[in-house]
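**Q** Build the 3D model from these lines:
(one chain, ligands or ions: 1)
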Amino acid sequence: MQIMKKLNLDEYLDSPKNLVFKSEVELRSLEREDVEIFQLEAARRKLARQAKRIPALAKKLGEKDPAACESFDDLIPFLYSDGDYKSYDKSFLKNKQFDKMTAWLNEYTSYDLSSVEMTGCENLSEWCERLYKQANIFICHSSGTSGTLSFVPRSQADRDLIVDSLAGANPDLFDVNERQNDVDFFTMSPRRSFRITQVLYDGLEGKYLKNPVQSPFGSFVSPEMTIAMSKLRKAAENDTLEECLKDPVVASCAADVGRFTNEAPERIRNWIANIKNNYIGKSIYFMGTFDHAWELTQTFQKSGLTGAFSPNSVFAVFGGVKKGTILPGDWRQQFKAAMGTEKIVTAWGMSELAAAAASECPEGMYHFNVYTIPFVIDPRTGKALPRKGTQNGQLAALELVSEDCWGGIVTGDSGTVHWDKACACGLNNGPLLELAIERL
Ligand SMILES: [Zn+2]
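**A** Predicted coordinates for the structure are as follows:
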């Protein structure tokens, strides 16, 4: 029998980011109590270290001593709020004051952005490009469903972490010591954008993949297009299109958005057909909606094909199923039989965090990563709910792994955490989060 040395978390107190390469077997062997002792001490050290480097965090810490945090709840005042990464003055964008946008962003990174030249900068795309070219900071903006984009400045170290955490979480698929893994990576998101997805694709191609990432959408989707898409969608729902088109950003992108939307169904059909026709038997990573993963399953069933892909293939799915679709009770078995893999994974995360905060287990529960501290907060008072029993409230997380951003955030999501329940999957090194997560 192979005896494995138990992971000594003390070795990671000052460099928790190395935990992203630890295997599931090693992480599974950890005791809950040891994980919590590690998390609290690593959080104190990270707070002390990053408050010296990140101005927004220094402001939150003020004169307080990180070593005085005696419990997890004591860390909550130092987490960013849901709106912090979009707290810039909206007139900066309207008036093209991109130097002021940069000064605002400078508060949220350990990098010094003061020498980035913004003279003549015309729009958000150009702002992102200049920060990337001149300071090697890659902006990751949000989807803007709230109507305002958030901007997270990612350094090279954090970008490496984003891709390493994905590769590290899938050791059967990616040998992290191998730069040329023969894996075909399919994603439904646009290949090029100033978003966390591009960080992932560039990083995978640069560090781990032999083959290029394949997306139905090869052309660049700008931050302006993202804003316009979100505003046009809302306007269509509220029947206010005419008014919406008066917005200069929307007006300048309306044609591109129209083309993108019209072409999308056929592009996705071709993308699916390509996977079906050309990648049977291969190791693939599929990142797309559950609906499309299920569509593939059914197509294979119709043509009598089983075990379509190599068993180490992974299906990272999001978005649930279309309204009105009822899945059979044994969908997992059907999926496995058709696809040849049982690795269908979902995760809870957000662009403010470099790694996923929690990943789904076969029993249908999210387990938090060892390097992510979860919190449940009463949204009315902002106070922590007890870390015991079952609690429903606003979710917050402190990620210990990021290097140049502070990874602590009170999210806009609400969910239910079981602090003391054992999971039937056998992984019991932390609390469980139910899959049903809603926007507050
Ligand atoms: Zn579980």
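**Q** For the rest of this, base every contact and every neighbour count on C-alpha atoms.
**A** Will do.
**Q** So what's the gap between the longest helix along the chain and the chain middle?
**A** The residue-count maximum for a helix in the chain (DSSP state H) belongs to helix 248-278. From the chain centre to the centre of helix 248-278 is a distance of 23 Å (Cα atoms, centre = their mean, to the nearest Å).
**Q** for stretch 353-369, same thing?
**A** In terms of Cα atoms, centre = their mean, the centre of stretch 353-369 is set 11 Å apart from its chain centre.
**Q** Now do the buried residues in it.
**A** Residues 353-361, 364-369 are the ones in stretch 353-369 that count as buried (16 or more other Cα atoms under 10 Å).
**Q** mind exporting the least confident helix or strand in the chain by mean pLDDT as CSV, just the C-alpha atoms?
**A** Within the chain, no helix or strand scores below helix 24-28, which has a mean of 83 by mean pLDDT, DSSP states H and E. C-alpha atoms of helix 24-28 as CSV (Å, rounded to 0.1, in the frame of the first residue of the first chain):
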residue,chain,number,x,y,z
GLU,A,24,-7.6,16.1,-4.5
VAL,A,25,-6.3,13.0,-2.6
GLU,A,26,-4.0,15.2,-0.5
LEU,A,27,-6.6,17.9,0.1
ARG,A,28,-9.2,15.2,1.0
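**Q** Pull out the buried positions in it.
**A** Buried residues in helix 24-28, counted by 16+ other Cα under 10 Å: residue 27.
**Q** Next secondary structure after it?
**A** For helix 24-28, the succeeding helix or strand toward the C-terminus, using DSSP states H and E, is helix 32-51.
**Q** Could you name the helices and strands sitting against that next one?
**A** helix 55-61 (3 or more Cα pairs under 8 Å, 6 or more residues apart in numbering; DSSP states H and E).
**Q** for the helix it packs on, the distance to its chain's centre please.
**A** 24 Å.
**Q** Mind listing residues that contact it?
**A** 50-52, 77-78, 106-110, 406 (Cα atoms under 8 Å, 6 or more residues apart in numbering).
**Q** Can you tell me how far whatever residue of the stretch 151-300 of the chain ends up closest to the ion is from residue 84?
**A** Nearest residue of the stretch 151-300 of the chain to the ion (Cα to the ion) works out as residue 169 at 15.6 Å. Residue 169 sits 29 Å away from residue 84, going by Cα to Cα, to the nearest Å.
**Q** and these two? which has more neighbours close in?
**A** Comparing residue 169 with residue 84 by other Cα atoms under 10 Å, the one with more neighbours is residue 169, at 19 against 16.
**Q** Quick check: that one touching residue 19?
**A** No: the pair residue 169 / residue 19 is not scored as a contact, 10.5 Å apart, by Cα atoms under 8 Å.
**Q** So which residues of this protein form helices?
**A** Shown for the chain, the helices assigned by DSSP H span residues 24-28, 32-51, 55-61, 90-94, 98-106, 124-135, 156-169, 196-207, 223-238, 241-244, 248-278, 290-302, 331-339.
**Q** Let me know the angle separating the longest one from helix 223-238.
**A** Our comparison of helix 248-278 with helix 223-238, counting by axes from the mean of the first three to the mean of the last three Cα atoms, to 10 degrees, yields an angle of 100 degrees.
**Q** Okay, buried residues for stretch 227-242 please.
**A** 227-232, 234-235.
**Q** List the contacts of the residue found closest to residue 43 once you drop the neighbours it is linked to in the chain.
**A** Leaving aside its chain neighbours, residue 43 sits nearest to residue 400 (6.5 Å; criterion: Cα to Cα, 6 or more residues apart in numbering). Applying Cα under 8 Å, 6+ apart to residue 400 gives the contacts 16-17, 39, 42-43, 46, 371-373, 407.
**Q** Of the residues you listed - the most surrounded one?
**A** Neighbour-wise, the contacts of residue 400 (other Cα under 10 Å) top out at residue 43, 27 neighbours.
**Q** Could you measure from it over to the ion?
**A** Remark: distance between residue 43 and the ion (Cα to the ion, to the nearest Å) = 25 Å.
**Q** and that residue, what pLDDT?
**A** Note on residue 43: pLDDT of 98.
**Q** now swap in residue 22 and tell me
**A** At residue 22, the model reports a pLDDT of 87.
**Q** what number of residues lie near it?
**A** Other residues near residue 22 come to 14 when the count uses other Cα under 10 Å.
**Q** got a list of what the closest residue to it other than its chain neighbours touches?
**A** Spatially, and ignoring its direct neighbours in sequence, residue 22 is nearest to residue 168 (7.2 Å; Cα to Cα, 6+ apart). For residue 168, the contact set (Cα under 8 Å, 6+ apart) comprises 20-23, 174, 176.
**Q** Check which residues of stretch 34-45 are buried.
**A** 35-36, 38-45.
**Q** Just the closest of those to the ion, please.
**A** Distances from the ion to the buried residues of stretch 34-45, taken as Cα to the ion, are shortest for residue 35 (16.6 Å).
**Q** gap between residue 22 and the ion?
**A** Taking Cα to the ion, one finds residue 22 at 18 Å from the ion.
**Q** What pLDDT is listed against residue 1?
**A** pLDDT, residue 1: 49.
**Q** Would you mind listing what in the stretch 301-440 of the chain touches the ion?
**A** Within the stretch 301-440 of the chain, the residues that sit near the ion (Cα under 5 Å from the ion) are 361, 423, 425.
**Q** Kindly state the neighbouring-residue count (a burial measure) for residue 119.
**A** 9.
**Q** Also residue 311?
**A** Neighbour number of residue 311 under other Cα under 10 Å is 19.
**Q** which outside residues touch stretch 324-341?
**A** Stretch 324-341 has contacts (Cα under 8 Å, 6+ apart) with 294, 297, 300-301, 305-314, 342.
**Q** out of these, what pair is the most spread apart?
**A** Within the contacts of stretch 324-341, 301 and 312 form the most distant pair, 20.0 Å apart (Cα to Cα).
**Q** so residue 125 touches residue 224, yeah?
**A** Yes: counting by Cα under 8 Å, residue 224 is a contact partner of residue 125 at 7.3 Å.
**Q** Flag the shaky bits of the stretch 151-300 of the chain, pLDDT-wise.
**A** Of all residues in the stretch 151-300 of the chain, none has pLDDT under 70.
**Q** Pick out the residue of the stretch 251-400 of the chain closest to the ion.
**A** Among all residues of the stretch 251-400 of the chain, residue 361 sits closest to the ion, at 4.6 Å; criterion: Cα to the ion.
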